[in-house]
Each structure stands twice: as structure tokens, then as C-alpha cells.
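K.L.:
dropping a prediction and its sequence here:
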Amino acid sequence: MTISSVSNLQNRFLDEEFHLTILPEFLRIYDARPIRDNQGGMQLNHSYACFCVLKILTPSTIIESGVWKGVSTWLLQSVLPNAKLICLDPVLSNLQYQSPTAEYSRSDFFDSDWTNTDVHNSLCIFDDHQSALHRCLHMKWWGFKYALFEDNYPPGHGDFYSIQQISSGTGHPKIQLSSNEYRGLPLHSRFLRWLEQFTLDNLFLRRFYSSQSIVRRPNLVDRIGFKLNIDICMELPCLLFSSDIYPCPETVEPSASLYSSFDGIKSILDCYLAKNPAMLTRAQLYYNNITFVSLK
Ligand SMILES: C[S@@+](CC[C@H](N)C(=O)[O-])C[C@H]1O[C@@H](n2cnc3c(N)ncnc32)[C@H](O)[C@@H]1O
């Protein structure tokens, strides 16, 4: 990981040649994923954004916070097999893929001792639905510089304080902001989610989900502190979305996708989709403003 590769990140994402070189490799890797249904985890768009960041930065250590079934762990390991991989999740019972080389821990990022970690060459990947503000503070505390925030909900949405909410000053006044979150779920799941809302603070979350339960009033202070401490904050482009499938109710439709911006990418993807029509689902095309952050 070099300073120049970090400052070049934005340009690389806008460079069609870069994508034309790596997209076929990505599609080959992605096609070999060991678990096909990764609902609740990274799908096509976020996997590609993550793949690009790994290719550009080549961190020597990756800290993955939020493992779920293990699909993203599998991707990280497939792209950079020599990187040290540390996977954190308080609930490891959902694992369906376990990396033979990664270190697993049920500790929270902030409960872990990072003194022996090469923090300057590490990439933290937060897909854990915890307060992004706290994650940045915790990174700073230990000296980490680079992070990917897998979800960056717009104001008024999502279940944790996101970078967009920090930057817009809207705060995160209750834990689940998306009013449509429970729509379409079976009755018993809706009841459980509803119950969670009321018991969140005292039971489950306080024990496990350390900073998800932190609510934040609208304020401008976080925005000032964030600007003061951040070098780069970049929402990574969406590879592909279909206006038939979007807008996804929880997110803002991306203004453009790489697919619609570059003819070369479009033809690679058209070819791929013709062979893999099952990819054209709302789940696969989910995009939630995955964001790269570099701290000062
Ligand atoms: C969205 S899923 C992760 C998906 C996974 N990265 C993927 O793409 O396949 C969120 C995960 O975060 C975990 N989680 C919750 N609180 C956490 C915490 N404090 N630290 C790390 N992981 C946490 C949950 O148990 C859940 O497995």
C-alpha cells in the first residue's frame, strides 16, 4: 500500500482501461463464489468495488468487521491470498465458508488489541452496521488510516450512523430509520424486528453490537470533526444497476453506473449477463454507496 496508490484511487475508478483490465478477472472470481445466496451480504456491485480497492491498494493486512456467512471473506482471500486476514464478528454461527488462513474473533474492533498490526498498511472493511463515526474514532485511536464502509445510508435511512448522515448533519435519531425495512417480511420476522427495536438497547445490542445502538441527534459538530480528520472520502461507483429493479427503497439510486458510463464495460457485462441472466435480480444489483475513507 503506497500513498500514491491511495491518492490515485479516484482516478483509477474513472479510468475505463483499468476496469477493462480487471473486470473479466473479477467476473471469473465472482462466478466461483462458494455460496450463491448472500442475502444480507455483499452482492455484485459492492463485491466489485471492494475488488477494485484491493487491487489498487494491495494492503498487507485486511481487517474485516462483519463476516456473516463468509462470502466477503472468501472474496478478500481470493483477491489477495497473501494478505493477513483478520475477521471479526460477534456471531460466527452463521459462517458457511471458513477461510483456512484467516484469524477469526468474536471481539468488536474496539475491543481488540492492534499493537502488533501494521496499521499503516491495513485496510479495515466495516460491514458491521456500527456507527461510522465511532469506527473512525476507533481507527484514529489505533492509528489505522484506510477503511471501506460497506454501507453508507442516506439521511433518514438505515440502522446505524452513516458517513452520509455525519456529513449532512442529520444525525441518526433512532436505530432503524428506514420505515420500509420490515415490509415484505413474514409476520413472525416483523414481530421479532419490532421487538428488537424496543429491547435493542438493553438486551441484544448492548451485549454484542457495541455502537449500533448509539443514536445521535442532528448536529453539525460531527461533520466538522469528520472533515478535520478525513483526507479522502469517496463513494465508489456502482458497476451496474437496472432502472427496472431500482430504485431500491432504502437507498438513493446512483446517478450513473460504470455500465452506463463506459461502452467497453457495457459490452463485457452484456456478454456476461447473457450467460448469467440470474444476476439480474434486485438482490444482486443492490448498491448502498460503498465508501472509501482515508484518515489524516
Ligand atoms: C451485513 S452482514 C456482513 C456481510 C458480509 N460482510 C458479506 O458481505 O458477506 C453484518 C454482520 O455484522 C455482524 N456484526 C454485528 N455487530 C458487529 C460488531 N460489533 N463487529 C463485527 N461484526 C458485527 C453481524 O453479526 C453480521 O454477521
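P.N.:
Yep, it's here.

K.L.:
which bits of the stretch 51-200 of the chain sit near the ligand?
P.N.:
65-69, 71-72, 88-91, 94, 108, 127-130 (C-beta under 6 Å from any ligand atom). Heads up, the C-betas are built off the backbone N, CA and C, glycines and all.

K.L.:
which of those residues fall in strands?
P.N.:
Counting by DSSP state E, these place 65, 88 in strands.

K.L.:
out of the residues of the stretch 51-200 of the chain next to the ligand, which are buried?
P.N.:
The neighbour-count criterion (16 or more other C-beta atoms under 10 Å) marks 65-69, 71-72, 88-90, 108, 127-130 among those as buried.

K.L.:
check the residues you listed and tell me the two furthest apart.
P.N.:
With distances taken as C-beta to C-beta, the most widely separated pair in those is V71 and D108, at 21.3 Å.

K.L.:
so what touches stretch 157-166?
P.N.:
129-134, 149, 151-155, 171-172, 175-178, 181, 211-212, 214-216, 222-223, 226, 233, 250-251, 289, 291, 293 (C-beta atoms under 8 Å, 6 or more residues apart in numbering).

K.L.:
at 6 Å instead, please
P.N.:
Stretch 157-166 is contacted by residues 129-133, 149, 152-155, 172, 175-178, 212, 216, 222, 226, 250, 291 when judged by C-beta atoms under 6 Å, 6 or more residues apart in numbering.

K.L.:
out of the residues you listed, which sit inside strands?
P.N.:
Residues of the contacts of stretch 157-166 located in strands (DSSP E): 149, 291.

K.L.:
in stretch 230-246, what counts as buried?
P.N.:
For stretch 230-246, by 16+ other C-beta under 10 Å, it's 230, 232-233, 235-241, 246.

K.L.:
which one of these is nearest L280?
P.N.:
Among these, L240 lies closest to L280 (C-beta to C-beta), at 9.0 Å.

K.L.:
does the closest one sit in a helix or strand, and which one?
P.N.:
L240 is part of no helix or strand, with elements assigned from DSSP states H and E.

K.L.:
got any ranges where the chain has weak pLDDT?
P.N.:
Counting by pLDDT under 70, the chain has low-confidence residues at 1-4, 179-186, 188-213, 242-255.

K.L.:
ranges for the strands of it?
P.N.:
Remark: strands assigned in the chain by DSSP E are 61-65, 84-88, 103-105, 122-126, 146-149, 230-235, 291-295.

K.L.:
dump these into JSON lines; add distance to Y30 as well.
P.N.:
Output for the strands of the chain, formatted as JSON lines (distance: least, C-beta to C-beta, whole Å):
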{"stretch": "strand 61-65", "distance to Y30": "17"}
{"stretch": "strand 84-88", "distance to Y30": "18"}
{"stretch": "strand 103-105", "distance to Y30": "23"}
{"stretch": "strand 122-126", "distance to Y30": "17"}
{"stretch": "strand 146-149", "distance to Y30": "17"}
{"stretch": "strand 230-235", "distance to Y30": "21"}
{"stretch": "strand 291-295", "distance to Y30": "20"}
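
K.L.:
burial measure for N152, as a count.
P.N.:
Counted with other C-beta atoms under 10 Å, the neighbours of N152 add up to 23.

K.L.:
please apply the same query to the one 4 residues further on.
P.N.:
Other residues near G156 come to 15 when the count uses other C-beta under 10 Å.

K.L.:
excluding sequence neighbours, find me the nearest residue to it.
P.N.:
For G156, ignoring the flanking residues on the chain, the nearest one in space by C-beta to C-beta, 6 or more residues apart in numbering is L177 at 5.4 Å.

K.L.:
A32 now?
P.N.:
In space, A32 is closest to S78, 7.7 Å off (C-beta to C-beta, 6+ apart).

K.L.:
before we move on, what about N45?
P.N.:
Closest residue to N45 apart from its sequence neighbours, by C-beta to C-beta, 6+ apart: Y287 at 4.4 Å.

K.L.:
quick one: the residue most central in space within the chain and I268, what's the gap?
P.N.:
Centroid check for the chain by C-alpha atoms, centre = their mean gives E150 as the closest residue, at 1.1 Å. As for E150, its distance to I268 is 24 Å (criterion: C-beta to C-beta, to the nearest Å).

K.L.:
could you do K275 as well?
P.N.:
12 Å.

K.L.:
out of the residues of the stretch 51-200 of the chain next to the ligand, which sit inside helices?
P.N.:
Using DSSP state H, the subset of these located in helices is 71-72.

K.L.:
about what we covered before: how about the strands of the chain, which one is nearest E17?
P.N.:
Closest to E17 of those, according to C-beta to C-beta: strand 230-235, at 19.3 Å.

K.L.:
so what does that closest one touch, helix or strand wise?
P.N.:
On a contact count with 3 or more C-beta pairs under 6 Å, 6 or more residues apart in numbering; DSSP states H and E, strand 230-235 meets strand 291-295.
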